[in-house]
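Chemist: Provided below for reference: sequence and predicted model.
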Amino acid sequence: QVQLVESGGGLVQAGGSLRLSCTASGRTLSSYTMGWFRQAPGKDREFVATIRRSGIGTYYAESVKGRFTISSDNAKTTVYLQMNSLKPDDTAVYSCAASRFNSDSGYYSNSNSYHYWGQGAQVTVSS
């Protein structure tokens, strides 16, 4: 069982930046494909970004491409989501997720492909 914990959420003005972090208690994330998803009030969960197990190779939703960056540290203990040029539409609960699937030949943007989830971090962007 992998327990994921997000941190770094908060309230920011439009145009500002936040960085979310995701760690797994007591283990590295090097065996997992990692992803970030978000869910706004009254809306379905949507894919945001994913990174391959190797840490090389990323894929983004069109709505965040060029503004958000997913990355991992060298030790593969933490996955980050750097969010720049935030918009009110980015307001949501952001969750990190880990997949046991091998992503070396593709990317996983479907939430059904992920096996472990964090509890989520609230991001609120004011206009």
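Modeler: Yes, it's here. No experiment lies behind these values; they were computed from the predicted model shown.

Chemist: Nearest the geometric middle of this protein, what residue?
Modeler: Within the chain, one residue has its C-alpha closest to the average C-alpha position: by C-alpha atoms, centre = their mean, that is residue 36, at 2.3 Å.

Chemist: partner residues bridging that residue?
Modeler: Here residue 36 shows beta-bridge partners residue 49, residue 96, assigned using DSSP bridges.

Chemist: list the contacts for it?
Modeler: With contacts defined as C-beta atoms under 8 Å, 6 or more residues apart in numbering, residue 36 is in contact with 20, 22, 48-50, 70, 79, 81, 94-97. To be clear about C-beta, it is placed using only N, CA and C from the backbone, and glycine gets the same treatment.

Chemist: residue ranges for the helices of this protein, please.
Modeler: Assigned by DSSP state H, the helices in the chain number zero.

Chemist: What residues of stretch 32-44 count as buried?
Modeler: 32-38 (16 or more other C-beta atoms under 10 Å).

Chemist: Next: stretch 44-63.
Modeler: Using 16+ other C-beta under 10 Å as the test for burial, stretch 44-63 gives 45, 47-53, 55, 58-61.

Chemist: biggest separation within these, which pair?
Modeler: Greatest spatial distance in the buried residues of stretch 44-63: 45 and 55, 24.3 Å, computed using C-beta to C-beta.

Chemist: So what's the residue count around the closest residue in space to residue 55 that isn't next to it in sequence?
Modeler: Beyond its immediate neighbours in the sequence, the residue positioned closest to residue 55 (C-beta to C-beta, 6 or more residues apart in numbering) is residue 72, lying 4.7 Å away. The tally of other residues near residue 72 (other C-beta atoms under 10 Å) stands at 22.

Chemist: Can you give me the distance of residue 72 to residue 13?
Modeler: Applying C-beta to C-beta, to the nearest Å, one obtains 28 Å for the distance of residue 72 from residue 13.

Chemist: go on, residue 60?
Modeler: As defined by C-beta to C-beta, residue 60 lies at a distance of 23 Å from residue 13.

Chemist: Residue 39 too?
Modeler: Applying C-beta to C-beta, one obtains 22 Å for the distance of residue 39 from residue 13.

Chemist: No more questions from me, cheers.
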